[in-house]
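1. Structure for this input, please:
(chains A and B)
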There are 2 protein chains.
Amino acid sequence: MNTEIKTIAFDADDTLWDNEPYFREAEDRFCALLEDYLPHHSVSQELYKTELQNLSLYGYGIKGFMLSMIETICRVSAGTASLQGVQAAIQLGQDMLRQPVVLLDGVEQVLGTLKGKYRLVMATKGDLLDQERKLKQSGLQDYFHHIEIMSDKQVADYRKLLRHLDCNPGQFLMLGNSIKSDVLPVLELGGFAAHIPYHTTWVHEQYEHSLEHPHFLQLNTITDLLPYLSL
Amino acid sequence: MNTEIKTIAFDADDTLWDNEPYFREAEDRFCALLEDYLPHHSVSQELYKTELQNLSLYGYGIKGFMLSMIETICRVSAGTASLQGVQAAIQLGQDMLRQPVVLLDGVEQVLGTLKGKYRLVMATKGDLLDQERKLKQSGLQDYFHHIEIMSDKQVADYRKLLRHLDCNPGQFLMLGNSIKSDVLPVLELGGFAAHIPYHTTWVHEQYEHSLEHPHFLQLNTITDLLPYLSL
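-> Got it, this is the predicted structure:
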C-alpha cells in the first residue's frame, strides 16, 4: 500500500454501523400495508421507482424515504386507500429515526489503532440531522478530525471534500461498502479506495462487475485494512 | 465597529434570498385543504404544533415541513380525509423545492464589496441538498470561502463552526434575520452580530424583546453594514 496516505475517510452507514437492514425491514412492512393492491414484490418495485424519481429533489435519507412511501401509497391505490396506511408509513419512518446505533465488528479497534497516526474523516451522505444523531450515539465522534455529511458522493463531491481537507488525492484513502459511492469516484480522482462488503446493499448502490485497479483494495472486514497501513 | 473582525458569516434564508414567504404561501394553501374540518387559523396552529413536535426528529427544512403537513391532515381529520389532501401537500412541498431563488436587494453589492477584504462564510440551517441547490442557483457560491449547512444554530453549533474556521469569536461577525438563531448564540460566545429584519418571520424564530449589547448592530438593510466595516 502507498505509504504516502495521510488521510483516511470512512463511509458511515453499513461501514461503521448498521443501516440498510432498517430500510429493508421498513420496506417489508410497507409492502405488507399495500398487499390488497399489489403483490409484495411489485410494491417494492413501485417504491423504488418513486425513490429514484424523487432522488434529485429529496436527496438521500429517511425523510425522503418516508415521503416516497407516502407517494407510493397514493399511486398504487389510485388515491383510494385510507389515511391509516399513511400514518403507518410515518410511524415506520419515525421508528427508523429513533433506531439505536449498532457498531459493526472491529470498528472501534480499527479507529483506535489509526487515531493519531492518520487524519481520520467520516464522509457520509444522508439527512444532516439524522447522521449527526447517529454519530453522537455511536460514541465515535472523538476519533474523527473532520465530519463531512454530503448530499451526494459523485466525483465533484469528493473533489470538494479533498479541497476542503487540503489533501492531495494520492494521500487519500476512502473506505466504504459501496463500490459506486465510496470507490469509483475516489479512484477517478487518483485517490485510494477500499471496499468492505456489507451483507445487504440497496439496489441503487449495487455494482455487479469485478474491479481491478492499482489503487483499489478488496477487503472482507474493516480489520483487514490494518496490515496494509504503516502502523 | 471592532476592527479585529476578519470573518463575516451570512445567514442565507431571508437574509440573502427570499424563503419564509414560500412557507407562508404553502401554509395558506394547506389550511384551505382542511377548511372542512377546522377554520384556517386553527389548522395553522395544529400544523405549528406538529412541526414543533417533530423538530428534534426531522430538523429544519422543507421535507420535515411536508411530513408535518401530512401528519396534520391525519390528525385534524381524525384519519377520515381522503388521500387527495396528502397528494396536494406533497405537491405543495415539491413546488417549494423547485422555487427559483430570488436574491434580496443589495446582497450582491455587499458581497462584492467585502470579498477579498474579509473571509466570507455562508452559515445556514435546513435540508442539506435544498440549501446546496439554492446556493448554486443564487450564483453567490464564489463569494464564499466556506459554506456551513447546520442542523441547528445553538451556541454549541456556532462553537463548532468557529473551531472549524479556526476563528476567535472576537474576530467573527454573524449577519442574519433571526435574533434567536443568528444573534443571541453568537453574542453569548463573545462574537459580533448584526440583525437585518425581514418582513416575515416564522413564529418559532420570533423575538419580541429589544436588544442592546456592545457587540450587536441593528440594521435596516444589508447595505447598512458597510459603513461599520474597514473597507
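2. Please identify the helix or strand for the residue nearest to residue A:131 when sequence neighbours are not counted.
-> Spatial nearest neighbour of residue A:131, excluding adjacent residues (C-beta to C-beta, 6 or more residues apart in numbering or on different chains): residue A:149 at 4.9 Å. Where you see a C-beta, it was placed from the backbone N, CA and C, and this is true even at glycine. Following DSSP states H and E, one finds residue A:149 within strand A:146-150.
3. And residue A:28, how far from chain B?
-> Taken as C-beta to the nearest C-beta, to the nearest Å, the spacing of residue A:28 relative to chain B amounts to 21 Å.
4. excluding its backbone neighbours, what's nearest that residue?
-> For residue A:28, the nearest residue in space outside its immediate sequence neighbours is residue A:40; the separation is 7.9 Å by C-beta to C-beta, 6+ apart.
5. Which parts of chain A are strands?
-> For chain A, the strands defined by DSSP state E occupy A:7-10, A:119-125, A:146-150, A:172-176, A:192-195, A:216-218.
6. Those residues of chain A touching chain B, which are they?
-> Counting by C-beta under 8 Å from any C-beta of the partner chain, the positions of chain A adjacent to chain B are A:57-59, A:63-64, A:66-67, A:70-71, A:73-74, A:77, A:79-84, A:86-87, A:90, A:93-94, A:97-98, A:127-130, A:132, A:149-152.
7. Name the residues of the strand holding residue A:149 that come out as buried.
-> Within strand A:146-150, the residues that qualify as buried are A:147, A:148, A:149, A:150, counting by 16 or more other C-beta atoms under 10 Å in any protein chain shown.
8. what are the C-alpha coordinates of stretch A:151-166, in PDB please?
-> As requested, the backbone C-alpha atoms of stretch A:151-166 are provided in PDB (Å, rounded to 0.1, in the frame of the first residue of the first chain):
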ATOM      1  CA  SER A 151     -25.600  15.400  -0.300                       C
ATOM      2  CA  ASP A 152     -24.100  13.000  -2.800                       C
ATOM      3  CA  LYS A 153     -20.900  11.100  -3.400                       C
ATOM      4  CA  GLN A 154     -20.100  11.800  -7.000                       C
ATOM      5  CA  VAL A 155     -16.600  12.800  -8.300                       C
ATOM      6  CA  ALA A 156     -17.400  16.500  -7.900                       C
ATOM      7  CA  ASP A 157     -18.400  16.000  -4.200                       C
ATOM      8  CA  TYR A 158     -15.100  14.200  -3.400                       C
ATOM      9  CA  ARG A 159     -13.200  16.900  -5.300                       C
ATOM     10  CA  LYS A 160     -14.900  19.400  -3.000                       C
ATOM     11  CA  LEU A 161     -14.100  17.300   0.100                       C
ATOM     12  CA  LEU A 162     -10.400  17.000  -0.900                       C
ATOM     13  CA  ARG A 163     -10.100  20.700  -1.500                       C
ATOM     14  CA  HIS A 164     -11.700  21.300   1.900                       C
ATOM     15  CA  LEU A 165      -9.300  19.000   3.600                       C
ATOM     16  CA  ASP A 166      -6.400  20.500   1.600                       C
END
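9. and that stretch, what's its mean pLDDT?
-> Taken as a whole, stretch A:151-166 has an average pLDDT of 94.
10. Residue A:188 and chain B, how far apart?
-> In this structure, residue A:188 lies at 21 Å from chain B, with C-beta to the nearest C-beta as the measure.
11. ok, that residue - how many residues close by?
-> Burial of residue A:188, expressed as a neighbour count using other C-beta atoms under 10 Å in any protein chain shown, amounts to 14.
12. can you tell me which residues contact it?
-> In this structure, residue A:188 makes contact with residue A:155, judged by C-beta atoms under 8 Å, 6 or more residues apart in numbering or on different chains.
13. Quick check: pLDDT value at it.
-> On pLDDT, residue A:188 comes in at 98.
14. do the same with residue A:40
-> Among the per-residue scores, residue A:40 holds a pLDDT of 96.
15. Residue A:30 is in contact with that one, correct?
-> No - with contact defined as C-beta atoms under 8 Å, residue A:40 does not count as touching residue A:30 (9.8 Å).
16. returning to that earlier point: what angle do the strand holding residue A:149 and strand A:119-125 make?
-> Using axes from the mean of the first three to the mean of the last three C-alpha atoms, to 10 degrees, the interaxial angle of strand A:146-150 with respect to strand A:119-125 works out to 20 degrees.
17. Angles on the backbone of the residue lying farthest from the centre of chain A, please.
-> Note on chain A: the largest C-alpha distance from the chain mean falls to residue A:80, namely 34.4 Å (C-alpha atoms, centre = their mean). The phi/psi pair for residue A:80 (degrees, to the nearest 10) reads phi -100, psi -10.
18. dump the residue contacts of it.
-> With C-beta under 8 Å, 6+ apart, residue A:80 has these contacts: residue B:83.
19. if we can go back for a sec, which residues does the residue nearest to residue A:131 bridge with?
-> Using DSSP bridges, the beta-bridge partners of residue A:149 come out as residue A:124.
20. do the same with residue A:8
-> Counting by DSSP bridges, residue A:8 is bridged to residue A:120, residue A:173.
21. Tell me, how many residues neighbour it?
-> The burial metric for residue A:8, expressed as a neighbour count using other C-beta under 10 Å, is 22.
22. show me the contacts for it.
-> Counting by C-beta under 8 Å, 6+ apart, residue A:8 has contacts A:114, A:118, A:119, A:120, A:121, A:172, A:173, A:174, A:175.
23. what bridges to the spatially closest residue to residue A:216 that is not a sequence neighbour?
-> Spatially, and ignoring its direct neighbours in sequence, residue A:216 is nearest to residue A:193 (5.7 Å; C-beta to C-beta, 6+ apart). Note on residue A:193: beta-bridge partners residue A:174, residue A:216, judged by DSSP bridges.
24. Would you check that residue A:193 makes contact with residue A:219?
-> No - under the contact definition of C-beta under 8 Å, residue A:193 does not touch residue A:219, with a separation of 10.7 Å.
25. nearest residue to residue A:58 other than its sequence neighbours?
-> For residue A:58, the nearest residue in space outside its immediate sequence neighbours is residue A:64; the separation is 3.1 Å by C-beta to C-beta, 6+ apart.
26. That neighbour and residue B:122, how far apart?
-> 23 Å (C-beta to C-beta, to the nearest Å).
27. Could you tell me how many residues sit around residue A:123?
-> Around residue A:123 sit 26 other residues, with neighbours defined as other C-beta under 10 Å.
28. Now do the same contact list for it.
-> With contact set as C-beta under 8 Å, 6+ apart, residue A:123 has these partners: A:9, A:10, A:11, A:12, A:148, A:150, A:153, A:161, A:174.
29. Good, wrapping up.
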